[in-house]
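1. sequence and predicted model, in that order:
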Amino acid sequence: MDQHTNIIHSVNNVRNLINNSILILRDLDTLLSKHRFQPLNGNALGSESSKSIDQSMSWYRTFLPQYMARQYALESEIEERKVRKILFTNIQLFHGHYDEIPPVLINSVITLPHTAKNLKNDIQNWWLKNTVYEDVKWENVKKYGEINEHIEEEGYTTTFWCHDLLSFSGQKDLSVEVEKYLEVYNKVKI
C-alpha cells in the first residue's frame, strides 16, 4: 500500500468509528426510551471541540472531539422538574493526557446534590470524561464493566463502568447494557 492509500484508509476508519459510535448512541436512546428515559439535549451530542489554529493534541478541545456524551432522565421527573438522578453515557475516543487508550463506552448514574433547575445549564457534557480521566485517572479505573464510584466534594456521586467499544457487536449487547443501567439506577440512592 502506498502513502495515499494509507491516509485514505485512516480517514475512512475515523469516519466509520464516528458513525458507528453515533449508531450506538441512537440505539441507546431507543432502548432507554422504552423505560421512559428521555435525552436531556434532544438530538444533540455533547462534546468539546475547537476550530482554533492554536490547538494542540493535548488540549481538551480539539478539532476531533475526545468524546460524545448523552444524558437522560425519567420523563416524569423532567416534567415535574424534580431531576436528582441522571443516566450519563460517554463514548470516549481519546484523551489528551493518555497516548494509548482504547475507544470506550462509559455508562454512569450521577446523583445531583440538589434538584436541577435548568437541566441544560446545570448538567455539563464534560462531567463523565472529567471524572474518569482526570479525577479518578484511567489507570485507577476498574474496567470490563466493573462498578466504580466517585464522590465529588460538591455532593455529586458518579457510579460508572466502562467497556471497550469493540466489545459491542450488536443490539443484544446494548440491551444487556441497558438492563445494567436500570439495575444500577434503581440501586443508587439519592
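-> Great, that's in hand. Residues are numbered from 1 along each chain as shown.

2. ranges for the helices of this structure?
-> 3-33, 75-80, 119-122, 127-129, 171-187 (DSSP state H).

3. just say which of those helices is most tucked in.
-> helix 127-129 (a mean of 22; mean count of other Cβ atoms under 10 Å). (Glycine included, C-beta is placed from N, CA and C.)

4. quick one: residue 64 from residue 17, how far?
-> Shown here: residue 64 relative to residue 17, a distance of 10 Å by Cβ to Cβ, to the nearest Å.

5. likewise residue 78?
-> 31 Å.

6. I'd say residue 98 and residue 138 touch.
-> Yes. Assessed by Cβ atoms under 8 Å, residue 98 is found in contact with residue 138 at 5.8 Å.

7. who has more neighbours, the two?
-> residue 138 (16 against 13; other Cβ atoms under 10 Å).

8. re the thing from before, how about the helices of the chain in TSV, adding distance to residue 106 and mean pLDDT?
-> Below are these laid out as TSV (distance: least, Cβ to Cβ, whole Å; pLDDT from 0 to 100):
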stretch	distance to residue 106	mean pLDDT
helix 3-33	12	92
helix 75-80	22	94
helix 119-122	20	82
helix 127-129	6	95
helix 171-187	11	95
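
9. of the ones you listed, which is nearest residue 102?
-> Closest approach to residue 102 among these (Cβ to Cβ): helix 3-33, 11.2 Å.

10. other SSEs contacting the closest one?
-> Of the remaining helices and strands, those touching helix 3-33 by 3 or more Cβ pairs under 8 Å, 6 or more residues apart in numbering; DSSP states H and E are strand 67-74, strand 85-92, helix 171-187.

11. out of the helices of the chain, flag the one nearest residue 147.
-> Of the helices of the chain, nearest to residue 147 by Cβ to Cβ is helix 171-187, at 7.2 Å.

12. and stretch 137-147, end to end?
-> 15 Å (Cα to Cα, to the nearest Å).
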